[in-house]
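**Student:** Prediction below, plus the sequence it came from.
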Amino acid sequence: EAGVAQSPRYKIIEKRQSVAFWCNPISGHATLYWYQQILGQGPKLLIQFQNNGVVDDSQLPKDRFSAERLKGVDSTLKIQPAKLEDSAVYLCASSTRTGVNTGELFFGEGSRLTVL
Amino acid sequence: AQSVTQLGSHVSVSEGALVLLRCNYSSSVPPYLFWYVQYPNQGLQLLLKYTTGATLVKGINGFEAEFKKSETSFHLTKPSAHMSDAAEYFCAVSADGNNRLAFGKGNQVVVIP
């Protein structure tokens, strides 16, 4: 079974530029999450999708971050314009169901963003 | 809102010695608790979880954790460390039934031969 795929693995941009990250979850997983992991900290949830609808985006900085999950499969996370403090690893995860607290999220390897 | 505290970002342990990683949580409702592990160049994977029932839970690779409500703790242990246990370990809590996990800062475990 293929895992969660993310691209690109690494991205270096200058501040005020834009960047997009792509995620393909495990086939059949209805729920998709984007987490931000800043160096020395634990992952922080940015947004959670159930199929193509948003369940929770309360911690997404909506003035610069956006995310979509068209057709309830792949997802894209965009940052525009980027700030220095956006340097982090962006993790995508998926799970089989929500509303039942299984806690088993399947994570991709992450996309590491460096903003100069 | 729920949260977890993990103290000591780096933990060094000798091969064959006890591994003990501490996790304390804060939650206004009965929590669900998890330990995730991240091996080098890999994504996070679930090590073990407590939802309901038995408070001592066993996970993969010989790890176990005990939920202690009176101490608001969920410490992770392994009796004998192996070189392959070198990784970063994250404690996480969820309290809303929607798989929204709040992670601790993590412990980087180094195993000394």
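**Tutor:** It's in.

**Student:** what's the neighbour count on the residue lying closest to B:Ser80 once chain neighbours are set aside?
**Tutor:** Of all residues not flanking B:Ser80 in the chain, B:Gly16 sits nearest, at 5.2 Å (CB to CB, 6 or more residues apart in numbering or on different chains). From N, CA and C alone the C-beta is placed, and that goes for glycine too. Residues within reach of B:Gly16, counting by other CB atoms under 10 Å in any protein chain shown, total 11.

**Student:** The one 10 residues further on too?
**Tutor:** Close neighbours of B:Ser26, defined as other CB under 10 Å, add up to 14.

**Student:** Contact partners for it?
**Tutor:** By CB atoms under 8 Å, 6 or more residues apart in numbering or on different chains, the residues touching B:Ser26 are B:2-5, B:72, B:93.

**Student:** With A:Ser95 instead?
**Tutor:** Contacts for A:Ser95 were tallied using CB under 8 Å, 6+ apart; they are A:29-31, A:33, A:102, A:104-106, B:99.

**Student:** low-confidence ranges in chain A?
**Tutor:** Along chain A, the model assigns pLDDT under 70 to residues A:1, A:98-101.

**Student:** Can you name the residues of it that neighbour chain B?
**Tutor:** Neighbours of chain B within chain A, by CB under 8 Å from any CB of the partner chain: A:3-4, A:31, A:33, A:40-45, A:48, A:55-56, A:91, A:93, A:95, A:98-110.

**Student:** which SS class is B:Gly53?
**Tutor:** Classification of B:Gly53 using DSSP: H, G, I helix; E, B strand; the rest coil returns coil.
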